[in-house]
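*Asks:* Based on what follows, work out the 3D shape:
(one chain, ligands or ions: 1)
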Amino acid sequence: MKNILVLHTGGTISMHEDAAGNVVPDASNQNPMNTVQNAIDNVKLTVEDVFNLPSPHVTLNDMLVLKQRINRAFDDELFDGVVITHGTDTLEETAFFLDATIKRGKPIVITGAMRSSNELGNDGVYNFLSSIRVAASADSRDRGVLVVMNDEIHSARYVTKTHTTNVSTFQTPTHGPLGLLTKTHILYFQNDLETTHFDIDNVTANVPIIKAYAGMTGDLFDLLDCGRLDGLVIEALGAGNLPPLAAHSLQRFLDADLPVVLVSRCFNGIAEPVYAYDGGGVKLHEAGVLFAREVNSQKARLKLIIALNAGLSQKNLANYIEK
Ligand SMILES: NC(=O)C[C@H](N)C(=O)O
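*Replies:* Now for the predicted structure:
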C-alpha cells in the first residue's frame, strides 16, 4: 500500500463552468476528484486543501508554504509521494520553485487541467489519476518535481505552458518529455539533470522581467530605480543579444552590483555569449551580465530570487545562475 499526500491548491481542475459559460472556482477543491480513490488499488490518499486559488493569484509565499508542507510530510515519513493540483497558468513556476528548493527523493508530482470539471472532455480527473499513478511508482524517485498532464511526464526545469487552451499545452521544447503513461505502464525515456537545491525560508526580492524588442532603447531601463531592485531578468533576442542602447543602459545596474540575468525570448534553446558586436552576448557577458541556462525568464527570475534568499556570495550566485 502506497500513501500519497494530495495537496489541492485550486486552478481550473477545481473549477466549473456556470450557466453563462464562464469558468469560476468551486467552493471546494475536491468535488470531482473524490471519485479517483475508487479507481486505484494499493494507494491510500490523504487529501488537504492547502489553497483554493486561481493560479494567477499564487504568490512566492504560497510556494514557500507548499514547500514547507512537503518537507514536513517527508520528514514524518508518513508518505511515499506527493501530488499537487494547481492552476496551469503559473504551474511551471511552482514546479520549478519546488524543484529548486526540495532535495530529490520521493516523487513530487504536479498537475492541473485545461477544462473545468463540468465541461465536455474535461481532463482534470484523468490528469489527477495519472499523477497518482506516477507518484506511486518507484521509478519516479530521484527525478525532481514532475509535471504530469495529458499522458506525459515532464521535468520541472524546462517544461512550459505553450498553448492557451489545448490539453497538450505542457511541453519541454529542449528535449521532450521525460516519460509517458499508457493504460498499464509508466515509461521513462530519459533522466533530467540533478539540480542544486536551496532550502530557503524567505522569498523576499524585487526582481522584474523585461522583454527586449527591435529598436529597444534605454528608456524603459532608465525608469527603474536601482535602490528598489534586487536584480533584473532580461528576455534578450536570439542567442542572447540586445539592441545597443538597451545594452548600454544596463551598466548602471551592474555598477550598483545588482545581478542582471539574461535568457532568450526564443521559445527553444539556451542563451549563450556568441556575438561580439555592440550589444551582443559576448559584450554583455564581459560586462557582467549572467546567462541563465533555464529556457524562460519566469524560471530564471525564480532562480535569482532563490539565490538571493540563500544568501549566496556574488561568485557563488553567478555559478549557480550559469550552471
Ligand atoms: N487551466 C488553468 O488552470 C488556468 C487557470 N486560469 C489557472 O491557472 O488557474
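
*Asks:* buried ones in stretch 182-202?
*Replies:* Using 16 or more other CB atoms under 10 Å as the test for burial, stretch 182-202 gives 186, 188, 192, 195, 197-198, 200. Glycine gets a C-beta too; all of them are placed from N, C-alpha and C.

*Asks:* State the mean pLDDT of it.
*Replies:* Within the predicted structure, the mean pLDDT of stretch 182-202 is 92.

*Asks:* Is there proximity between stretch 61-68 and the ligand?
*Replies:* No - taking CB under 6 Å from any ligand atom as the criterion, stretch 61-68 and the ligand are apart, separated by no less than 12.5 Å.

*Asks:* The buried residues of stretch 182-202 into CSV, with extra columns for distance to the ligand and secondary structure?
*Replies:* Output for these, formatted as CSV (distance: CB to the nearest ligand atom, whole Å; DSSP: H, G, I helix; E, B strand; the rest coil):
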residue, distance to the ligand, secondary structure
I186, 24, strand
Y188, 26, strand
D192, 24, coil
T195, 24, coil
H197, 25, coil
F198, 26, coil
I200, 24, coil
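
*Asks:* who's in contact with Q190?
*Replies:* Q190 makes contact with 175-176, 178-179 under the criterion CB atoms under 8 Å, 6 or more residues apart in numbering.

*Asks:* Can you tell me which of the buried residues of stretch 182-202 lies closest to D62?
*Replies:* Closest approach to D62 among the buried residues of stretch 182-202 (CB to CB): I200, at 14.4 Å.

*Asks:* ok, that closest one touching I306?
*Replies:* Yes - with contact defined as CB atoms under 8 Å, I200 and I306 form a contacting pair (5.9 Å).

*Asks:* Identify the contacts common to those two.
*Replies:* When CB under 8 Å, 6+ apart defines a contact, the residues bordering I200 and I306 alike are T101.

*Asks:* what about whichever residue of the stretch 1-150 of the chain sits closest to the ligand, how many residues close to it?
*Replies:* When you check the stretch 1-150 of the chain against the ligand by CB to the nearest ligand atom, the closest residue turns out to be G87, at 2.2 Å. A count of nearby residues for G87, using other CB atoms under 10 Å, gives 24.

*Asks:* Could you do A256 as well?
*Replies:* Counted with other CB under 10 Å, the burial measure for A256 works out to 10 neighbours.

*Asks:* Test my guess that it contacts R228.
*Replies:* No - judged on CB under 8 Å, A256 makes no contact with R228 at a distance of 11.3 Å.

*Asks:* Please, where are all the strands along the stretch 201-323 of the chain?
*Replies:* For the stretch 201-323 of the chain, the strands defined by DSSP state E, counting those that start in this stretch cover 209-211, 232-236, 260-264, 290-291.
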